[in-house]
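Q: need a structure here:
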Amino acid sequence: MKRIMMLGSLFLLCLFLPATAMSGFLDDILKPAPKQKVDSPAQGKAADQQPGLLDGIGGLFGVKKNEIDLVKKGVGVVGALQPIGEEEEIVLGEAVAVEAFSRFGGEYPNQAWNRYINLVGKTIAEISDRPTLNYHFAILNSPEQNAFAAPGGYIFITVGLLKTLKNEAELGGVLAHEIAHVTKRHMLDTIRRGAVLGSISELSLTAMKKDPKMFSNAIEQMTDLLFTKGLDKDKEFEADVVGVDYAYRAGYSPQGLRDYLQSLAKEEGHAESVFFATHPSTTERISKINALLNGYSDIQGLPFLATRFQQYVKAK
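A: Numbering: from 1, shown residues only. I've put the predicted structure just below:
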């Protein structure tokens, strides 16, 4: 009943605050700087040619200017990197988020769609294992299908992926998978256990200030891991398990992620996307999720919300 009430509240927000009249709602979610406007990278320029791209993330995600300055200098971690606390995690995530905008074409210029995915994403984040973290969701202006999460709650979905979805349950399943990467600290665990940071994990802030390039190199290796090499497949499988449960707890049919992966599997080997290189076999993931879904006895009747999704995403 609680799950249905949560989705009902989201429905009322969408019903009474339609996409064309939701002015100010995104401001409350993302807390952008007052009067600050972010130039859309989709308007005729490549992402790496955009002036102020680093500053633009402040308008989209509400990142403070002094924090962006630290990222630009390659120094943003307070104290030692082991263990990595939440404050350190957020600043690391900001640096990765900047790189995400740079690599994937910047923000997709449709604020109504961005409001919508924030409504869905934050509804799921509320029932996650880290509900107090300030999550941020953004659509990237890239035609390829991809979605990923940076430490600290920065979650991205490409417009190419968004346009392939059929309903809100599929969207919820994809976002829930990425939220699970954040709640389980998969990226942080990988860089802490592996050789990504190397000796940097033992350095203090003073040492990093003396040689900020060391921190910059660490961030570069983190983004390479996230955008090129991918996480360990066991972490991807865990995110599937946890994400399916998050979607279910939020009131969606837990079949959403599986249904999207079934559509994606038809393109594997035909479509070009780093998604296939950074994730386990799609058919293997589908098989594992099918086995998982057998453990849910009360999913019949849980909503997919195709009509609402069509209204807000497919209407354009």
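Q: how much space between residue 168 and residue 262?
A: 17 Å (Cβ to Cβ, to the nearest Å). All C-beta spots, glycine's among them, are computed from the backbone N, C-alpha and C.
Q: all helices of the stretch 201-316 of the chain, in order?
A: 205-210, 212-224, 233-250, 256-265, 275-278, 282-293, 306-309 (DSSP state H, counting those that start in this stretch).
Q: For the residue nearest to residue 175 when sequence neighbours are not counted, what is the enclosing helix or strand?
A: Counting by Cβ to Cβ, 6 or more residues apart in numbering, residue 121 is the residue found nearest to residue 175 once chain neighbours are left out, at 4.6 Å. Assessed by DSSP states H and E, residue 121 sits inside helix 111-125.
Q: can I have the helix or strand following that helix written out in PDB, keeping just the CAs?
A: Beyond helix 111-125 on the C-terminal side, the first helix or strand identified by DSSP H and E is strand 136-140. Output of strand 136-140 as PDB, limited to C-alpha atoms (Å, rounded to 0.1, in the frame of the first residue of the first chain):
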ATOM      1  CA  HIS A 136      21.200  14.400  -8.800                       C
ATOM      2  CA  PHE A 137      19.900  13.000 -12.100                       C
ATOM      3  CA  ALA A 138      20.700  14.400 -15.600                       C
ATOM      4  CA  ILE A 139      20.100  13.500 -19.200                       C
ATOM      5  CA  LEU A 140      23.200  13.500 -21.400                       C
END
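Q: List the contacts of strand 136-140.
A: Outside strand 136-140, the residues within contact range by Cβ atoms under 8 Å, 6 or more residues apart in numbering are 30, 60-62, 97, 100-101, 104-108, 110, 113-114, 117-118, 121-122, 146, 153-159, 162, 175.
Q: Please settle this for me: is residue 187 part of a helix?
A: Yes: assessed with DSSP: H, G, I helix; E, B strand; the rest coil, residue 187 lies in a helix.
Q: before we move on, the earlier item: surely the residue nearest to residue 175 meets residue 135?
A: Yes: in terms of Cβ atoms under 8 Å, residue 121 counts as a neighbour of residue 135; the distance is 6.3 Å.
Q: Please identify every residue contacting each of those two.
A: Common neighbours of residue 121 and residue 135 (Cβ under 8 Å, 6+ apart) are 155, 179.
Q: Can you report how many residues lie near residue 178?
A: Per other Cβ atoms under 10 Å, the neighbour tally for residue 178 reads 23.
Q: Secondary structure element holding it?
A: Going by DSSP H and E, residue 178 is in helix 168-183.
Q: For that helix, C-alpha coordinates in CSV please.
A: C-alpha atoms of helix 168-183 as CSV (Å, rounded to 0.1, in the frame of the first residue of the first chain):
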residue,chain,number,x,y,z
GLU,A,168,8.1,4.4,-16.4
ALA,A,169,8.8,1.0,-14.8
GLU,A,170,11.6,0.5,-17.3
LEU,A,171,12.9,4.0,-16.5
GLY,A,172,12.6,3.3,-12.8
GLY,A,173,14.5,0.0,-13.2
VAL,A,174,17.4,1.6,-15.0
LEU,A,175,17.7,4.5,-12.5
ALA,A,176,17.3,2.0,-9.6
HIS,A,177,20.3,0.0,-10.9
GLU,A,178,22.4,3.2,-10.9
ILE,A,179,21.2,4.2,-7.5
ALA,A,180,22.3,0.8,-6.2
HIS,A,181,25.8,1.5,-7.5
VAL,A,182,25.9,4.6,-5.3
THR,A,183,24.3,3.0,-2.2
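Q: For it, give the mean pLDDT please.
A: Across helix 168-183, pLDDT averages out at 98.
Q: hang on, residue 241 packs against residue 292?
A: Yes: counting by Cβ under 8 Å, residue 241 touches residue 292, with 6.1 Å between them.
Q: Compare neighbour counts for those two and give me the winner.
A: Per other Cβ under 10 Å, whichever of residue 241 and residue 292 has more neighbours is residue 292, with 17 against 14.
Q: dump the residue contacts of the more buried one.
A: Here residue 292 is in contact with 240-241, 244 (Cβ under 8 Å, 6+ apart).
Q: could you redo the last one with a cut-off of 6 Å?
A: residue 244 (Cβ atoms under 6 Å, 6 or more residues apart in numbering).
Q: Please apply the same query to residue 153.
A: Here residue 153 is in contact with 133, 135, 182 (Cβ under 6 Å, 6+ apart).
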